[in-house]
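**Q** Sequence isn't available, so here's the structure alone:
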Ligand code: PMP
């Protein structure tokens, strides 16, 4: 059944499917009880997952783009277990209490994060990291006699989490619907389009529109995922940095998804030699094995936060859990030992080449759009020619063939964010299933 005796699960597969159907509320769905059930996974090795019925799935998304070293790494599970045996829990609140793993990890992060980032605040996930970053930007101005300098600029086609701050930050109208008022003091500029000149100008225009005396920060992913995994033009980030400096606006790089090797550099912003003032990290920091987020800031930001002596009344109970910090340290060890960033660069290029080759026999794929930035791999579907229905149906076929694939831009882009360590035979297997899914969709739609 795929259920090991050691998992503590005694229910039979069909019972588990029933429990899920009756009692589990799935995020990012409309809670339709009649919707087709998804797979219920029981185990994983590498990029392969086994569901309760014993079927094997290929994970082209590394879970939520976090399982960067693949499933089934005993080393990470063992370090979590031994840490829990030493110290089940530790906090960072009040009186500067801490624990050895948080202390060690902060020193490690100070050495590997972009130049200037050397102060760290612990959380549990990307949403709270974004929340922390926003609060830090506002707090540092409010407590330094600039109470009006609190506006935060983000971008459309972005994602920054589900808390009210994160949802307000996110540039997606669907995230702003049906939840009552969002936070005020946010606005969104357009994404840079690859190849266009001066797209960073949109930030300066927005700062001038809002008034520099009102703008605290610009927050963005160095490479946007929802926008379709396009790498921005070379001059974009250096220009953004210069604009932020000109108007005393903090630059917040949201590296929750792109950090820790995903973009073919330890941090995506390193690709442009730009240092942010604030850096959000989560997901692959623990290779997905335990929840953790960390917000890094420069000493200059820390000093601004401390200047007034006011208390920063913020933090979450499970932030910087000992086991999560220990797993993060072990993840960084493995990344260095196995040259995981190099693997991501080589594997991503190979993946994009194979998609480009598939486009030779599948006209729906726009061959020229096959792209990879590290292990952020994508290709566009010609839905203007083939119709939107194709985009919906092809994802049903992916699920039927048990391959997990991401969809962006209303199904116009299919994306792959697999483990950075994915082997070529697994890339081939994913591309083959993608090809079969496209053929099946063509046959069923008669196109
Ligand atoms: N920021 C970015 C860039 C993300 O991709 C995500 C999650 N996909 C988040 C923030 C929110 O993280 P979480 O889901 O862990 O709350």
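**A** Thanks, I have the structure now. What you see is a predicted model, and the numbers here were worked out from it, not measured in a lab.
**Q** got the buried residues for the helix or strand of the chain with the lowest mean pLDDT?
**A** Each helix and strand of the chain was given a mean pLDDT (mean pLDDT, DSSP states H and E); the minimum falls on helix 13-23 at a mean of 93. The neighbour-count check on helix 13-23 (16 or more other Cβ atoms under 10 Å) flags 13, 16-17 as buried. Where you see a C-beta, it was placed from the backbone N, CA and C, and this is true even at glycine.
**Q** closest point of this structure to the ligand, which residue?
**A** Closest approach between the chain and the ligand, counting by Cβ to the nearest ligand atom: residue 126, at 2.0 Å.
**Q** Go ahead and confirm that residue touches residue 285.
**A** No: with contact taken as Cβ atoms under 8 Å, residue 126 and residue 285 are classed as non-touching, separated by 10.2 Å.
**Q** Need the overlap of contacts for these two.
**A** Counting by Cβ atoms under 8 Å, 6 or more residues apart in numbering, the contacts common to residue 126 and residue 285 are residue 293.
**Q** helix, strand or coil for the closest residue to the residue of the chain closest to the ligand other than its chain neighbours?
**A** Spatial nearest neighbour of residue 126, chain neighbours left out: residue 256 (3.7 Å); criterion: Cβ to Cβ, 6 or more residues apart in numbering. Taking DSSP: H, G, I helix; E, B strand; the rest coil as the rule, one finds residue 256 in the coil state.
**Q** One more: residue 44?
**A** strand.
**Q** Spatially nearest residue to it (excluding sequence neighbours)?
**A** Among residues not flanking residue 44 along the chain, residue 71 sits closest, at 2.9 Å (Cβ to Cβ, 6+ apart).
**Q** Where do the domain boundaries of the chain fall?
**A** 5-72+340-445, 75-337 (automatic domain parsing).
**Q** any idea which of those is most buried?
**A** Among these, domain 75-337 has the highest mean neighbour count (mean count of other Cβ atoms under 10 Å), at a mean of 20.
**Q** Now for the residue sitting nearest the centre point of the chain: which residues touch it?
**A** Centre of the chain computed as the mean C-alpha position; nearest residue by Cα atoms, centre = their mean is residue 257, 2.2 Å away. By Cβ under 8 Å, 6+ apart, residue 257 lies in contact with 65, 126, 221, 225, 283, 417.
**Q** next one: residue 153
**A** Residue 153 neighbours (Cβ under 8 Å, 6+ apart): 186-189, 203, 206-207, 210, 215, 217-219, 249.
**Q** and it, that's in a helix?
**A** No: the assignment for residue 153 by three-state DSSP gives strand, which leaves it out of any helix.
**Q** contacting residues for the residue lying closest to it once chain neighbours are set aside?
**A** With sequence-adjacent residues excluded and distances taken as Cβ to Cβ, 6+ apart, residue 153 is closest to residue 218, at 4.8 Å. By Cβ under 8 Å, 6+ apart, the residues touching residue 218 are 152-154, 203, 240, 243-244, 249-252.
**Q** Throw these into CSV and include pLDDT, thanks.
**A** Conversion of the contacts of residue 218 to CSV gives the following (pLDDT from 0 to 100):
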residue, pLDDT
152, 98
153, 98
154, 98
203, 97
240, 98
243, 98
244, 98
249, 98
250, 98
251, 98
252, 98
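**Q** Need those in JSON lines (columns: secondary structure and distance to the ligand).
**A** Shown next, in JSON lines, are these (DSSP: H, G, I helix; E, B strand; the rest coil; distance: Cβ to the nearest ligand atom, whole Å):
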{"residue": "152", "secondary structure": "strand", "distance to the ligand": "14"}
{"residue": "153", "secondary structure": "strand", "distance to the ligand": "16"}
{"residue": "154", "secondary structure": "strand", "distance to the ligand": "11"}
{"residue": "203", "secondary structure": "helix", "distance to the ligand": "18"}
{"residue": "240", "secondary structure": "helix", "distance to the ligand": "16"}
{"residue": "243", "secondary structure": "helix", "distance to the ligand": "21"}
{"residue": "244", "secondary structure": "helix", "distance to the ligand": "19"}
{"residue": "249", "secondary structure": "coil", "distance to the ligand": "20"}
{"residue": "250", "secondary structure": "strand", "distance to the ligand": "17"}
{"residue": "251", "secondary structure": "strand", "distance to the ligand": "15"}
{"residue": "252", "secondary structure": "strand", "distance to the ligand": "11"}
